[in-house]
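>>> turn this into a structure:
(chains A and B, ligands or ions: 2)
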2 protein chains.
Amino acid sequence: MHFSTVQRILGLLLMLFSITMLPPLLISLLFRDAALLPFAASFFAILLAGLLLWLPVRGDRHELRTRDGFLIVVLFWTVLGLAGAVPLVLSEQPRISFTDAAFESLSGLTTTGATVLTGIEALPESIRFYRQQLQWFGGMGIIVLAVAILPMLGVGGMQLYRAEMPGPVKDSKLTPRIGETAKALWYIYLSLTVACALAYWVAGMSWFDAVGHSFSTVAIGGYSTYDASIGHFNSPLIEMICVVFLVISGINFAMHFFAWRRRSLSHYLKDTEVRWFIGILFIVGSVVTATLITTGHHGGWGDTLHHAIFQTVSIGTTAGFTTTDFDSWPLYLPLLLIMTAFVGGCAASTAGGIKVVRFVLLLKQGYREVIRLIHPQAQVLVKLGQRAVDERVIDAVWGFFAAYIALFALMVLLLMGTGLDQVTAFSAVAATITNLGPGLGVVAENYGDISSFAKWVLMFAMLLGRLEVFTLLVLLTPAFWRR
Amino acid sequence: MHFSTVQRILGLLLMLFSITMLPPLLISLLFRDAALLPFAASFFAILLAGLLLWLPVRGDRHELRTRDGFLIVVLFWTVLGLAGAVPLVLSEQPRISFTDAAFESLSGLTTTGATVLTGIEALPESIRFYRQQLQWFGGMGIIVLAVAILPMLGVGGMQLYRAEMPGPVKDSKLTPRIGETAKALWYIYLSLTVACALAYWVAGMSWFDAVGHSFSTVAIGGYSTYDASIGHFNSPLIEMICVVFLVISGINFAMHFFAWRRRSLSHYLKDTEVRWFIGILFIVGSVVTATLITTGHHGGWGDTLHHAIFQTVSIGTTAGFTTTDFDSWPLYLPLLLIMTAFVGGCAASTAGGIKVVRFVLLLKQGYREVIRLIHPQAQVLVKLGQRAVDERVIDAVWGFFAAYIALFALMVLLLMGTGLDQVTAFSAVAATITNLGPGLGVVAENYGDISSFAKWVLMFAMLLGRLEVFTLLVLLTPAFWRR
Ligand SMILES: [K+]
Ligand SMILES: [K+]
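Numbering: from 1, shown residues only, chains lettered A, B, ... in the order given. Ligands and ions are numbered 1, 2, ... in the order given. The predicted structure follows:
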């Protein structure tokens, strides 16, 4: 391990991150709200912290290796998550504990979107903007992580995508072309955001709300500048704009990268993962609609249809925006939506969950076992499109799945240990490990009422989910630190 | 497929099964209770049904193949499960529907032990005996299935044990030595039952209760001749006898077979699965004890300790006997016990769950993935004891696990569709797919109050669990029936 190099990079990241305090600071000036000082103080504090980390080791230029990669990625999310809490702690509004501030910041940055706040519309505009912005930068970080870094680290079967990207990520060393890939992804992400913000604005949002919600839409984050989330606008048009941009943002950004480079769209429909992604949303949406109509929960077709489509896509892509109290939907619907969030979006998108491609590989592997029982001598390959999937990738996906389930179960027990009921504990861990956001039961509205211990467990769950479990898990093994 | 051979074997099985109506018939004579006629009628009806199946194809002597094996195993459990319902339907006491009778019979035969009945002590002695006896024969069937048949079919990684058995099961053809193995297993099972019944009798049970509970103990079934289960006797001595025989019955019967052949005991402690099995029960038992003491739920140490040990072993081995209302235990305890049942007992025992050996393989595979991330070039083998486990076995275990989870989720949604709450639906499917028995919420006491549809779903879950998922699943694929 090259700790000095890790320290240098972390210092640089913190200094860069301090710059993210400036847009809210401008908003604060513009709206003359009460959070100017907190953001100014945070800017200087984080800049200074970064500088102090960077200065002693600024000359260090070791080549980074895989292990350093794991450490940097985990530190990136934890340290920036904590640094992001600074203005929330300093601000008078909201007046929240350090735990709550850390929860809100990490939930934003991991694009989970679970909030401890109520009365969001009464907060200073700069704070409201800052929460949305946290999600946007988080989403950007996730894409770079998922497209450029995790495939090289080989986490959870994501080496599947190692050779997928046209050019940039084929290298075996960690640093050289991440910059180039990141730049292209940045343009795509920015263009999507601008398009989304414009669409929201045309549909009737103020520019403040339009930009804010475009941030949390393309990041599939789910934060809103209102307690009532997208439901505040009471506009099916805005809901459908949200749906479209959520689906786009839930698709592998390597596909968008390809579209960008080759000026082509046909590859979207040829991609197995995209087809499954759309197919799952379509099937779940149909079941939701049919059940709501049958039970007459929303009355007629008009209200039912837009709520059904919106909530299916919002929960299914793990955005977590709400237009209605889906927690009180009848029968299996709340659980079905949470389960759809477990599948989540495509790999290398801003969506959470176990990812569609892993789900498809698990299904295909399961079916292969059935065929092997019937034809014990047959050689059966698991294919994705035309390509046979390496056994090692399948092993890694299984490992990911088992670790996901095991840690999920453990955290549900821990939460029940704090006195929460089973439905709340189950849904809270589900909503954080999948980076979805809203849960059921006590945490259906917000996460303010649970204990501090429970909040830290859920923060761990957010990180686990966002870092694809193994990136974080590997740091907890003695083998990682040996030698 | 040799349907005529399958039909011949099924006919023979039914004729054999009709004989199991005779002991309850004797009990009915002895106690002069009201169920004499139902058992006599059932005997003749089932005998006749078997005869009618067997007669037309009695000359057929095709060698059985793997596919026939799957079909026979599934038909064995479904047809005997339904045949076992006949006396319950015919008897005036209890007066229950066909669905309830089928549920009770299949729950008995699969050693699930989930009951739809209340007021069991008021039922005719012959019916009370018959329920216990169903579990005993079911347990015997499971051992033969798990030791002699599933390893050859290669279901869920159980080919792991193909070469394990000293002699008998090494053959590749299905029929030749199953008889010999079955006979040895039968002696072991019978000896265990006799020892258990004697111990119960010495500890103060009547001979009727002692025999009845020995049946459901060695079968890890959980049926009792009383509504209050083992709690009826209010005797820590009886509870500890039960614990000892549950642990013995939860160990791989191939180990007992080995002990029987070689007159040796040391191999138990050398076995990885046995050590994990005991270890898990010990850890969970400690957590349960500590939590009960901390929360003061049962008052002092005296009551706490025997309830904690008994319920941990009873739920952990998937027996499902109760001495106390563990559903109302504080915090995570009910869920923790249900989760322990998911791990279950050793493979090729009468216990349910996913089985300790699979759990251990999943853990080791998960850990291997961590090591592979740190040392991408390393060749890491998954070992069980000194022996490397074949990759194909690991694949099969993963397939088993994923299918288990997916079907579990699907059935929970189906049950919630009937209007059950999440905790009840979750625990009901958990308690049946693991062949545990008692659930939480509405089904904590018994399964009488849920809808018929829900009962049939749960019967399917019992079969899935008992047939190690894939034996049943394979029959539902078109590929199985092709050609
Ligand atoms: K989210
Ligand atoms: K049982």
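
>>> with adjacent residues omitted, what lies nearest to the residue in the stretch 51-200 of chain A that ligand 2 sits nearest to?
Residue nearest to ligand 2 within the stretch 51-200 of chain A (CB to the ion): A:G156, separated by 35.7 Å. The C-beta positions use only the backbone N, C-alpha and C, and glycine is treated the same way. Of all residues not flanking A:G156 in the chain, A:F400 sits nearest, at 3.7 Å (CB to CB, 6 or more residues apart in numbering or on different chains).

>>> counting neighbours, what do you get for the residue of the stretch 51-200 of chain A closest to ligand 2?
Neighbourhood size, A:G156 [other CB atoms under 10 Å in any protein chain shown]: 29.

>>> touching, it and A:W398? I think so.
No: taking CB atoms under 8 Å as the contact criterion, A:G156 and A:W398 are not neighbours in contact, 9.8 Å apart.

>>> quick revisit: pretty sure the residue nearest to A:G156 is in a strand, no?
No: A:F400: not assigned to a strand; according to DSSP: H, G, I helix; E, B strand; the rest coil it is helix.

>>> quick one: A:V357 and chain B, what's the gap?
According to CB to the nearest CB, to the nearest Å, A:V357 and chain B sit 15 Å apart.

>>> wait, I meant A:A396
6 Å.

>>> now that residue. Nearest residue, chain neighbours left out?
Counting by CB to CB, 6+ apart, the nearest residue to A:A396 once its immediate chain neighbours are dropped is A:G157, at 3.9 Å.

>>> do A:I315 as well
According to CB to CB, 6+ apart, the nearest residue to A:I315 is A:L337 (4.1 Å).

>>> quick one, what contacts that neighbour?
Neighbouring residues of A:L337 by CB atoms under 8 Å, 6 or more residues apart in numbering or on different chains: A:284, A:288, A:311-312, A:315-316, A:326.

>>> in terms of pLDDT, where does the residue nearest the centre of chain A sit?
Residue closest to the mean C-alpha point of chain A, counted by CA atoms, centre = their mean, is A:T111 at 4.0 Å. With respect to pLDDT, A:T111 scores 94.

>>> do the same with A:I178
pLDDT, A:I178: 64.

>>> can you show me the CA trace of stretch A:206-217 as PDB?
Provided in PDB are the C-alpha atoms of stretch A:206-217 (Å, rounded to 0.1, in the frame of the first residue of the first chain):
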ATOM      1  CA  SER A 206     -39.400  27.400 -11.500                       C
ATOM      2  CA  TRP A 207     -35.700  27.500 -12.700                       C
ATOM      3  CA  PHE A 208     -34.700  26.700  -9.100                       C
ATOM      4  CA  ASP A 209     -36.900  23.700  -8.900                       C
ATOM      5  CA  ALA A 210     -36.100  22.600 -12.400                       C
ATOM      6  CA  VAL A 211     -32.300  22.600 -11.900                       C
ATOM      7  CA  GLY A 212     -32.600  21.100  -8.400                       C
ATOM      8  CA  HIS A 213     -34.800  18.200  -9.700                       C
ATOM      9  CA  SER A 214     -32.800  17.700 -12.800                       C
ATOM     10  CA  PHE A 215     -29.800  17.100 -10.500                       C
ATOM     11  CA  SER A 216     -31.600  14.500  -8.400                       C
ATOM     12  CA  THR A 217     -33.300  12.900 -11.500                       C
END
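
>>> contacts for it next, please.
A:111, A:113, A:125, A:128-129, A:132-133, A:135-136, A:193-194, A:196-198, A:200-201, A:205, A:221-225, A:230, A:233, A:242, A:245-246, A:249, A:319, A:321.

>>> which residue does the stretch 201-350 of chain A bring closest to chain B?
Proximity to chain B, evaluated over the stretch 201-350 of chain A using CB to the nearest CB, is greatest for A:Y332 at 3.8 Å.

>>> thought that residue was touching B:M416?
Yes: between A:Y332 and B:M416 a contact is recorded at 3.8 Å, counting by CB under 8 Å.

>>> poorly predicted segments of the stretch 151-300 of chain A, please.
Filtered on pLDDT under 70, the stretch 151-300 of chain A yields the residue ranges A:160-179.

>>> which bits of it sit near ligand 1?
Counting by CB under 5 Å from the ion, the stretch 151-300 of chain A comes close to ligand 1 at A:G222.

>>> so which residue of the stretch 151-300 of chain A comes closest to chain B?
Counting by CB to the nearest CB, the stretch 151-300 of chain A gets nearest chain B through A:G154, at 6.1 Å.

>>> circling back: who are the contact partners of the residue nearest to A:G156?
Taking CB under 8 Å, 6+ apart, one finds A:155-157, A:354, A:358, A:468-470, B:369 in contact with A:F400.

>>> at 7 Å instead, please
Applying CB atoms under 7 Å, 6 or more residues apart in numbering or on different chains, we find A:F400 in contact with A:156-157, A:358, A:468-470.
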